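**Q** Predicted structure and sequence below. I'll ask about it afterward.
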Amino acid sequence: MRRPNRVFAALLACTLWLPAAVAQSSADSFYEQRLRDGALALERGRLEQAVRDLRLAAFGFLEQPDRLLESLTRLALAEDAAGDGLAFDQTFQRIQDLEESRGWYREADLPADLRQRFEARVATVVPLETLRQSQAFSHLARQRLTAGIEELPPRQRRERLTRLIAEEPTSDRWPLLLARLELQQKRPQQAVVLASSILNRTPTEQGALCVRGIAHSRLGSCAAAVPDLAACERSRLDLPIAYAHVDCLRQLERWKEAQGALQALPQNIQGDRSFNRLRRQIEREVAKLPAPVPDAVPPTRELEVAATLTTSDRQLLDQARQALAEARTASDLTEASLLAADVADRNPAIAEAQLLAGEIFYRASRWNEASRYFQRAGDPPEDRHGLLFYMAVSYFEAGQAAAARQALERALPNLKRTPFVETYIERILGSGGGDSSSAIE
């Protein structure tokens with residue numbers, strides 16, 4: 001009988017005594033390599049190898065959510081590309097189970113393009129009812145339903161949407177699609193009703209703001225249309241909505257605001273020839289406006305204590321402050337501005353309320369409103385240099401150059417210099433007057 005090779009025996013003994021951490025590291029490296037090889041094989045169309053490597057990788061990452069979900073989503077794509085529908089269904093169900101039991105799919109840090117490719121296939125091949133019942137993939141069911149509905153003739157589309165509204169009374173998607181259909185069918189009053197029902201639940205829902213604004217403009221109710229159109233982000237990107245916004249401001253003879261809204265549009269939008277007539281009229285009317293009083297500097301006074309506010313108004317002001325803190329776009333400021341303006345108008349002697357309303361309108365680039373509330377408040381203390389800067393910008397944009405210079409000079413010693421701030425320093429201190437261009441910090 002031959003003796004075992006002593007070298008081999010020694011190597012085997014060393015391997016058996018390797019620390020657990022080293023063994024685990026070796027295993028992780030092996031499965032990481034399988035994932036990389038599988039992903040590459042999938043991209044190059046070597047589907048059999050991709051399926052084999054990705055199944056191995058998924059086996060090795062059972063307790064590592066991100067790596068496991070990446071392995072499984074790539075495996076599902078490989079199985080689908082190979083035409084193995086049963087295997088795809090099984091892998092999809094495994095992903096579903098992980099989501100339902102541990103919430104892993106939605107939390108997984110997947111590459112964006114991988115998640116998009118996987119969900120595109122899921123939306124196409126998984127039964128609609130399965131998607132509708134899934135927390136992780138119900139949005140794909142809505143997308144698929146939406147695409148199918150929009151291909152229907154108007155009468156059938158209306159019937160289908162009416163049924164869906166009854167089935168999902170808390171969903172905003174179906175009444176919004178119906179409101180858009182009402183606009184297409186020249187029924188703006190019905191569109192207003194539907195959009196309003198959405199906004200009663202979700203006051204800042206963009207689609208509903210845009211639809212209701214357009215509907216009001218078609219009804220000739222420009223006073224009602226302008227707030228919605230101003231809050232509609234598409235009013236700066238979509239030509240028909242932008243035109244409705246500027247035209248309504250013209251009809252209301254709010255010439256400076258109309259000029260500002262027009263100048264704030266991207267060049268490719270404001271340069272459209274449909275604006276030519278509006279632009280000429282707006283420029284003529286702006287030229288007729290009396291020049292603003294340049295030296296209308298608001299008086300300085302100490303801030304009143306908040307205790308003079310009623311409990312109810314204090315709560316409303318706190319809500320406005322919270323809404324301001326959570327806002328990410330100008331349209332998000334609608335609720336905050338309504339709350340703050342309501343409290344400020346009912347409490348004209350409370351500087352805190354005036355300053356908050358002024359700050360909110362500043363952030364929404366509504367310069368005239370911001371200036372009015374800042375003037376009513378008086379100057380804040382020197383340590384409120386941020387507010388002083390907001391006041392300076394608002395006064396400048398509203399045409400009150402002297403007030404703007406005074407507020408800015410008070411803010412300068414403690415003001416953090418950013419490119420945005422430097423721009424306004426140059427414009428305010430180096431210019432004798434303001435203009436109507438829009439800016440948001």
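**A** Nice, thanks for sending it over.

**Q** Burial check on residue 102, number of neighbours?
**A** 10 (other CB atoms under 10 Å). C-betas here are computed from N, CA, C, even on glycine.

**Q** measure it to residue 136 for me?
**A** As judged by CB to CB, to the nearest Å, residue 102 and residue 136 stand 12 Å apart.

**Q** Identify the residues contacting residue 335.
**A** Contacts here follow CB atoms under 8 Å, 6 or more residues apart in numbering; on that basis residue 335 touches 203, 204, 320, 323.

**Q** Then residue 424?
**A** 389, 392, 393, 396, 408, 439.

**Q** What of residue 185?
**A** Residue 185 touches residue 154, counting by CB under 8 Å, 6+ apart.

**Q** Just the helices from the stretch 251-400 of the chain, written as ranges.
**A** All helices of the stretch 251-400 of the chain, identified by DSSP state H, counting those that start in this stretch, fall at 255-263, 267-270, 276-288, 311-326, 334-346, 351-363, 367-377, 385-397.

**Q** ok, and what's touching the second one?
**A** Contacts of helix 267-270 with the rest of the structure, by CB under 8 Å, 6+ apart, involve 236, 237, 239, 242, 262, 263.

**Q** List the buried residues for it?
**A** 269, 270 (16 or more other CB atoms under 10 Å).

**Q** same check, this time on stretch 49-63
**A** Result for stretch 49-63 [16+ other CB under 10 Å]: buried residues 49, 50, 51, 52, 53, 54, 55, 56, 57, 58, 60, 61.

**Q** cool, stretch 266-281 as well?
**A** Quick answer for stretch 266-281 (16+ other CB under 10 Å): 269, 270, 275, 278, 279.

**Q** For residue 248, which non-adjacent residue is spatially closest?
**A** Excluding its sequence neighbours, the residue lying closest to residue 248 (CB to CB, 6 or more residues apart in numbering) is residue 222, at 3.7 Å.

**Q** What's the ChimeraX line that selects buried ones from the contacts of residue 424?
**A** Buried subset of the contacts of residue 424, written as a ChimeraX selection, criterion 16+ other CB under 10 Å:
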select :389,392,393,396,408
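
**Q** and which of the contacts of residue 424 is nearest to residue 66?
**A** Comparing the contacts of residue 424 against residue 66 with CB to CB picks out residue 439 as the nearest, at 40.7 Å.

**Q** Isn't residue 376 up against residue 347?
**A** No - applying CB atoms under 8 Å, one finds residue 376 not in contact with residue 347, separated by 10.2 Å.

**Q** re the thing from before, which among the buried residues of stretch 266-281 gets closest to residue 96?
**A** Nearest to residue 96 among the buried residues of stretch 266-281, with distances taken as CB to CB, is residue 269, at 44.2 Å.

**Q** give the contact list for residue 246.
**A** Contacts of residue 246 (CB under 8 Å, 6+ apart): 258, 261, 262, 275, 278, 282.

**Q** From residue 336, how far off is residue 323?
**A** Using CB to CB, one obtains 4 Å as the distance from residue 323 to residue 336.

**Q** Which one's more surrounded, the two?
**A** residue 336 (26 against 21).

**Q** can you tell me which residues contact that one?
**A** By CB under 8 Å, 6+ apart, the neighbours of residue 336 are 320, 321, 323, 324, 327, 360.

**Q** could you redo the last one with a cut-off of 10 Å?
**A** By CB atoms under 10 Å, 6 or more residues apart in numbering, residue 336 lies in contact with 204, 319-327, 356-357, 359-361, 363-364.

**Q** Buried ones from the residues you listed, can you make that a PyMOL selection?
**A** For anyone working in PyMOL, the buried entries among the contacts of residue 336, judged by 16+ other CB under 10 Å, can be selected with:
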select buried, resi 204+320+321+323+324+327+356+357+359+360+361+363+364
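
**Q** what's residue 220 sitting at in phi/psi?
**A** phi 80, psi 10 (degrees, to the nearest 10).

**Q** Equivalent analysis for residue 399, please.
**A** Residue torsions, per degrees, to the nearest 10, at residue 399 are phi 90, psi 10.

**Q** neighbours around it, how many?
**A** Around residue 399 there are 22 residues (other CB under 10 Å).

**Q** State the distance from it to residue 116.
**A** Taking CB to CB, one finds residue 399 at 48 Å from residue 116.

**Q** for residue 406, same thing?
**A** For residue 406, the distance to residue 116 - CB to CB - is 53 Å.

**Q** Which one of the two is surrounded by more residues?
**A** residue 406 (20 against 10).

**Q** TSV for the contacts of residue 246, including pLDDT and distance to residue 185?
**A** As requested, these are exported to TSV (pLDDT from 0 to 100; distance: CB to CB, whole Å):
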residue	pLDDT	distance to residue 185
258	89	30
261	86	28
262	89	30
275	92	27
278	91	27
282	93	32
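
**Q** ok, of these, which one's closest to residue 232?
**A** residue 261 (11.7 Å).

**Q** Where does the prediction get shaky in the stretch 1-150 of the chain?
**A** By pLDDT under 70, the weakly predicted segments of the stretch 1-150 of the chain are 1-27.

**Q** Where do the helices of it begin and end?
**A** Counting by DSSP H, counting those that start in this stretch, the stretch 1-150 of the chain has helices at residues 6-16, 20-43, 47-60, 65-81, 85-102, 104-107, 112-125, 128-132, 138-150.

**Q** now for the last one, which elements pack on it?
**A** So that's helix 138-150. helix 112-125, helix 128-132, helix 154-167, helix 173-184 (3 or more CB pairs under 10 Å, 6 or more residues apart in numbering; DSSP states H and E).

**Q** swap in the shortest one?
**A** For helix 104-107, the elements it packs on are helix 65-81, helix 85-102, helix 112-125, judged by 3+ CB pairs under 10 Å, 6+ apart.

**Q** list residues touching both of residue 376 and residue 347?
**A** Contacts common to residue 376 and residue 347, judged by CB under 10 Å, 6+ apart, are 353, 354.

**Q** Residue 402 reaches residue 395, doesn't it?
**A** Yes - under the criterion of CB atoms under 10 Å, residue 402 is in contact with residue 395, at a separation of 8.3 Å.

**Q** If you count surrounding residues, which of these two has more?
**A** Between residue 402 and residue 395, counting by other CB under 10 Å, residue 395 is the more crowded of the two (29 against 16).

**Q** so which strand or helix has residue 427?
**A** Residue 427 is located in helix 419-429, with elements delineated by DSSP states H and E.

**Q** For that helix, give the mean pLDDT please.
**A** When pLDDT is averaged over helix 419-429, the result is 80.

**Q** What of stretch 333-341?
**A** Across stretch 333-341, pLDDT averages out at 82.

**Q** got the CA positions of it in PDB?
**A** Only the C-alpha atoms of stretch 333-341 are listed here, as PDB (Å, rounded to 0.1, in the frame of the first residue of the first chain):
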ATOM      1  CA  LEU A 333     -44.800  75.900  -1.100                       C
ATOM      2  CA  THR A 334     -48.500  76.300  -2.000                       C
ATOM      3  CA  GLU A 335     -49.700  75.000   1.400                       C
ATOM      4  CA  ALA A 336     -47.100  76.800   3.400                       C
ATOM      5  CA  SER A 337     -47.900  80.100   1.700                       C
ATOM      6  CA  LEU A 338     -51.600  79.800   2.300                       C
ATOM      7  CA  LEU A 339     -51.200  79.000   5.900                       C
ATOM      8  CA  ALA A 340     -48.600  81.700   6.600                       C
ATOM      9  CA  ALA A 341     -50.500  84.400   4.700                       C
END
